[in-house]
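>>> Got a predicted structure plus its sequence, pasted below:
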Amino acid sequence: MTLHKRRAHTSVEHEHWNMSWWLLMMYLLGNRGGAKASRRGSLALRNTLCIYTYSPTGLFLKPKTVYLFTNLRKLKTFLKCILYQKKLSSSVSAQSCFLSTYGGTSHVSLDDVFTEVQLELHHSSSGVHQPLDLEDVVGSVGTVNKDADTVLVSGEAGSGKSTLLQRLHLLWAQRAALRDFVLLFPFSCRGLNLEHRELCVQELLFQHCCWPDREQEEIFQFILDHPHLILFTFDGLDELKEGFVDELRVCCPTQRAPVHVLLFNLIQGTQLKGVMKVVTSRPGAVGPGLKKHLRKEVLLKGFSPSGIDCFVRKHHSDSAVAAKVLESLQANTALLGLCHSPVLCWIVSQCHKELLSCGEGSPQTVTDVYLMILQHFFQHHSTSKGTTGAGWLQEHLRTVLHLGQLASEGITSSCCVFSGADLETCGITEKDVCMGFLVQSKDVSPGNSKRYEFLHVTMQCFFAALYIVLSGDTDCSTVPKLFELQDVTETGLSSTCLRACLPSADQQGGHLEEHTTAAEAPNLQITATFVSGLLSQRHKRSWQRCCSKAAVERKVRQVTRCLSKGMQKHFRSIPRPVPGEKKSMHAMPGFVWLIKCIYEMQESRIAKDAMSKLEVDHLKLTYCNIGPMECTALAYVLQHIKSPVGLQLDNNSVGDVGVEQLLPCVHVCNSLYLRNNNITDEGIRRLTAKVVHCDNFQKIALFNNRLTDASTLHISHLLKAKQSFLSLRLGNNNITAEGAKRLAEGLRRNHSLKFLGLWGNKIGDAGAEAIAGALENSKSLVWLSLVGNGVGNAGARALSGIVRNSLSLEELWLTQNCITRAGVEYLIQALKHNTHMKSVWLKNNDLSSEEVEEVKLIEPRLIF
Ligand code: ADP
């Protein structure tokens, strides 16, 4: 390699470096005097030409990094790249500095409004649980496949994927981050769908991102030679019309191929191996074929509670308004739950006037929130300002139907970008565009004609749903077909049937191609969710002024039937339990979606009906992307379960707001598993206050949350009050000796607990002594774990008291502590008095291998 990157060891004299830089630039730009001087400069550096990063022209590379060139030609190429870098960065900056959702209303700069989002590693990056920073997306943390160069950022629609990339682009262009990368090429898969020509990689880069004014070949050669200095981003892989395949190999950089084929080869690394790629997608759209080419997967979980607060304050320059909006969110936790999704948080902030004036009737469902923004946009353009009720809709019905037709045709053909001709075909006028729901697309088509897209893909789904509900032109089978789409997600089948049901789909030219894509199913699911909401009891009356009452009622019946059928299908799929084991249902894809649709309907009759057929002991919803919004829907439906269940929600993003949302259904839970869910002491306070009154509630698992000693006060109260409580697992939290002492107060007064897990806390000897003292006379405790708690000999001595006296304890786990041979002796002596105890686990304590062998011979129930 001729370009070496290395850290500067000494303090470099800036003057000297800057001068060499200028001289070299002058030479390269054709100034002869500079040429001589630059050669002198190079001699002075013993035939090595160096550039320091802080040059007056502002080339940007990693600070304190010196790039050494072994010949002048390579340096010349590098400098041309730097010129190209300037052009590329100003183009990237221009594209990224404003947020597109604000396009219809005002220009809001990303710098002003960007709010940190929650990023987590996918569980495949085992063992890494820390929250991630923006730059960690491209960093090494969580790497599962070192040979791969593609990072996937996955998140639901509206979770902030595009905005996150936009932020990374802007930070790069502002030289504030990603300084390891000399060139950054941003792509949108939506834009790539518009490219019908076959291209080679060089054409893809230069034509789709930024055209180098000169020396294209040399710059491309630089990219080929130094892939580790280049970053590509691909936004919205789920929107690409073609599904990922890795059989079509295009290895040669000059070979032309369809853009999706090039993209797949870039992701796999058959082209431009070593270039870092960041790809965003919705979770369901990425199959195992692509996953095996991933360096790592990062999950985008929307705003944290403090993120919501921060976003609302940034959105409103008037702090009094921000405070009022936040107050109304605190008063309506279902709405607060929705605001974890950035797009919904944006709508709620945008519609603050409507929100603050609606009092009791403030939005509860996603459909309510989208109706609020619909009304907000229309009322800005309304002829009769104070139009109340559904009057505004009647006034703008024509616009709604036209936009709805465009949206639904786009959804069924995986099209999000529309030409002027497409708009015309649907009867959309300039005035309709001015309403603000459509914005001009940033993805310029090859012919450079104007293109349009909806403010956000969820807005397109909402208009498609409005069309399905309000239009008299749709086929009778449109609603049933829409809800059968869970089969599409599960089998990958096309939604051509639905397409046939929508009017004029087959008459369209241009964008309506017969493709089946990964993009269809999630958008159709969102559309179906909105259809459920629009046909809910509370909204359906509004439509009756705009279309036939009978048609609306028919659609309501259809949705109700589809939801019931969909649920039954899930329940039928539950395998028969193995004799002696509990009947368990693991949620299949589509289950949470059905639950959300039922919630949107807001009819407890439907929820009751759906749950009347569920007969399971255990409902497993692990790794199901369940956040506060989903918890609201789950509780709404599950509260109607007939007999108590174990609800397993491990590895989701429930959080404290989600815990609050679950409260209406905890009375039907005999156990609640909430491992790894970002829950704090506040969540536990609310949960324990409720479950203390729930007769069925017996078990809770809270492993790997954010609990501190403050939680133990509430848990202790629960233990005292509930003499039927069986299992408490608090592993991997931040409980210290103080917390253990408080917990001990509850344990002392409880006579039912069988399982107590405190693995991975910091209770130490003092905590172990407190717990041991409280449990010494327990007649119920069967299993106790104090693994990894810094317990030493004093703790072991105290615990030997339980071992000596307990008639119920079978297993004691003390692995990974600091007990020595002397401490083990207490346990050996105690075990002499206890014949029914099965094992004491002592692996990884402070014993030599000889001591281990010795004690194992004395007491075989000690396990190492
Ligand atoms: P996705 O690409 O996941 O569908 P977007 O990035 O388009 O989601 O986000 C939708 C809208 O939500 C944005 O246009 C913006 O208004 C808001 N938003 C998303 N992420 C952020 C963020 N980090 N800070 C501020 N606003 C955000």
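Done, it's in. Residues are numbered from 1 along each chain as shown.

>>> where in the stretch 351-500 of the chain is pLDDT low?
Using pLDDT under 70 as the threshold, the predicted model of the stretch 351-500 of the chain has low-confidence ranges 360, 382-390, 443-448, 485-500.

>>> cutoff 50 now
Counting by pLDDT under 50, the stretch 351-500 of the chain contains low-confidence residues at 488-497.

>>> Alongside the ligand, which residues does it contribute?
Remark: the part of the stretch 351-500 of the chain in contact with the ligand comprises residue 456, using CB under 6 Å from any ligand atom. (C-beta placed from N, C-alpha, C; glycine too.)

>>> What's the nearest residue in the stretch 351-500 of the chain when you look at the ligand?
With distances taken as CB to the nearest ligand atom, the stretch 351-500 of the chain approaches the ligand most closely at residue 456, which sits 5.4 Å away.

>>> how about the strands of the stretch 501-650 of the chain, start to end?
Under the criterion DSSP state E, counting those that start in this stretch, strands of the stretch 501-650 of the chain are mapped to 584-586, 618-620, 645-648.

>>> May I see the buried residues of stretch 205-220?
If you call a residue buried by 16 or more other CB atoms under 10 Å, then stretch 205-220 has these buried ones: 205-206, 208-210, 212, 215-216, 218-220.

>>> tell me, which of those residues make contact with the ligand?
Of the buried residues of stretch 205-220, not one also sits near the ligand (CB under 6 Å from any ligand atom).

>>> a markdown table for those residues, including pLDDT?
Shown next, in a markdown table, are those (pLDDT from 0 to 100):
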| residue | pLDDT |
| --- | --- |
| 205 | 93 |
| 206 | 92 |
| 208 | 90 |
| 209 | 89 |
| 210 | 89 |
| 212 | 88 |
| 215 | 83 |
| 216 | 87 |
| 218 | 90 |
| 219 | 91 |
| 220 | 93 |
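
>>> element containing residue 310, please.
Residue 310 is part of helix 305-315 when elements are defined by DSSP states H and E.

>>> right, and the helix or strand after that helix?
helix 319-331.

>>> Residues contacting that next one, please?
308-309, 312-313, 315-316, 335-336, 339, 348-349, 352, 355-356, 362 (CB atoms under 8 Å, 6 or more residues apart in numbering).

>>> Now the closest residue to the ligand within the stretch 751-864 of the chain: phi and psi?
Relative to the ligand, the nearest point of the stretch 751-864 of the chain is residue 760 (32.0 Å; CB to the nearest ligand atom). Dihedral pair for residue 760: phi 70, psi 30, per degrees, to the nearest 10.

>>> So which bits of this protein are right by the ligand?
By the rule CB under 6 Å from any ligand atom, the part of the chain lying against the ligand is 99-101, 113-115, 117, 155, 157-163, 311, 342-343, 346, 456.

>>> Can you flag which of those belong to helices?
When these are checked against helices using DSSP state H, the ones located there are 113, 161-163, 311, 342-343, 346.

>>> possible to save the residues you listed as CSV with neighbour count?
Formatted as CSV, these follow (neighbours: other CB atoms under 10 Å):
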residue, neighbour count
113, 17
161, 24
162, 19
163, 24
311, 23
342, 24
343, 25
346, 25
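
>>> can you put the residues you listed in CSV and add pLDDT and distance to residue 652?
Compiled in CSV, those are given as follows (pLDDT from 0 to 100; distance: CB to CB, whole Å):
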residue, pLDDT, distance to residue 652
113, 93, 28
161, 96, 19
162, 95, 24
163, 95, 23
311, 96, 22
342, 96, 18
343, 94, 20
346, 93, 23
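
>>> Buried residues in the helix holding residue 310, which are they?
Using 16+ other CB under 10 Å as the burial criterion, the residues of helix 305-315 that qualify are 305, 307-309, 311-313, 315.

>>> Of the residues you listed, just say which sits nearest to residue 296.
In terms of CB to CB, no member of those lies closer to residue 296 than residue 307, at 22.6 Å.

>>> Name all residues that make contact with residue 661.
The neighbourhood of residue 661, defined by CB under 8 Å, 6+ apart, consists of 333-334, 337, 628, 631-632, 634-635.

>>> if I read this right, residue 741 contacts residue 767, doesn't it?
Yes - using CB atoms under 8 Å, residue 741 is in contact with residue 767, at 6.9 Å.

>>> and the strand or helix carrying residue 411, how far out from the chain's middle?
Assigning secondary structure by DSSP H and E places residue 411 in helix 391-412. Counting by CA atoms, centre = their mean, to the nearest Å, helix 391-412 is centred 30 Å from the centre of its parent chain.

>>> Return the set of buried residues in that helix.
With burial defined by 16+ other CB under 10 Å, the residues of helix 391-412 counted as buried are 392-393, 395-397, 399-412.

>>> Using CSV, write down the CA coordinates of it.
The C-alpha trace of helix 391-412 is given here as CSV (Å, rounded to 0.1, in the frame of the first residue of the first chain):
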residue,chain,number,x,y,z
GLY,A,391,-67.1,19.4,8.8
TRP,A,392,-63.5,19.9,7.8
LEU,A,393,-63.5,16.5,6.2
GLN,A,394,-66.5,17.1,4.1
GLU,A,395,-64.9,20.3,2.9
HIS,A,396,-61.8,18.5,1.9
LEU,A,397,-63.2,15.1,0.9
ARG,A,398,-62.2,15.4,-2.7
THR,A,399,-58.6,16.1,-1.7
VAL,A,400,-58.6,13.2,0.7
LEU,A,401,-59.9,10.8,-1.9
HIS,A,402,-57.4,11.9,-4.5
LEU,A,403,-54.5,11.7,-2.2
GLY,A,404,-55.9,8.4,-0.9
GLN,A,405,-56.0,6.9,-4.3
LEU,A,406,-52.4,7.9,-5.1
ALA,A,407,-51.4,6.5,-1.7
SER,A,408,-53.2,3.2,-2.0
GLU,A,409,-52.0,2.6,-5.5
GLY,A,410,-48.5,3.3,-4.4
ILE,A,411,-48.8,0.9,-1.4
THR,A,412,-50.0,-2.0,-3.5
